[in-house]
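Trainee: sequence? don't have it. structure:
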Ligand SMILES: [Zn+2]
């Protein structure tokens with residue numbers, strides 16, 4: 001009986017620490033993902049005043065930004081195109097980013 005109780009306590013402690021370890025790994029992964037996303041920034045001119053703004057771009061959500069000069073909201077339109085391999089590929093234009101008044 002005593003050994004069974006000991007085993008149960010041991011298992012509980014083990015599963016608790018495994019869970020904590022797993023959660024912290026998940027948080028670390030999420031953080032690395034966020035920092036990866038934040039690297040995808042482009043300079044876009046405001047459609048109202050033409051002031052250049054540094055805008056973080058994500059392909060998984062709507063991209064909007066408030067102009068730091070005139071405080072008006074801009075929408076960002078992302079266009080992804082396939083390019084034939086026979087043409088010289090300019091990797092800087094893999095994703096074409098435009099902005100328009102939305
Ligand atoms: Zn502006």
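Mentor: Structure received. Only a predicted model underlies this, so the values are computations on that prediction, with no experimental measurement involved.
Trainee: and the chain, which residues reach the ion?
Mentor: Counting by CB under 5 Å from the ion, the chain comes close to the ion at 46, 48-49, 51, 67, 69-70. (Glycine included, C-beta is placed from N, CA and C.)
Trainee: Would you map the helices across the chain?
Mentor: For the chain, the helices defined by DSSP state H occupy 2-38.
Trainee: average model confidence for the biggest strand by length in it?
Mentor: When the chain is parsed with DSSP state E, its longest strand is strand 73-80. What strand 73-80 shows for mean pLDDT is 88.
Trainee: ok, that strand: who's next to it in the sheet?
Mentor: Partner strands and pairing direction for strand 73-80 (DSSP bridges) are strand 63-66 (antiparallel), strand 95-100 (antiparallel).
Trainee: Quickly, which of the ones you listed bottoms out on average pLDDT?
Mentor: Looking at those, the lowest mean pLDDT belongs to strand 95-100 (a mean of 68).
Trainee: excluding its backbone neighbours, what's nearest residue 65?
Mentor: Using CB to CB, 6 or more residues apart in numbering and skipping residues adjacent in sequence, the residue nearest residue 65 is residue 55, 4.6 Å away.
Trainee: pLDDT (mean, whole number) over stretch 24-32?
Mentor: Mean predicted lDDT for stretch 24-32 stands at 81.
Trainee: And the chain, what are its domain boundaries?
Mentor: Domain assignment for the chain by automatic domain parsing gives 1-38, 40-100.
Trainee: Check the ones you listed for me and report the most buried one.
Mentor: The highest mean neighbour count among those, using mean count of other CB atoms under 10 Å, belongs to domain 40-100: a mean of 12.
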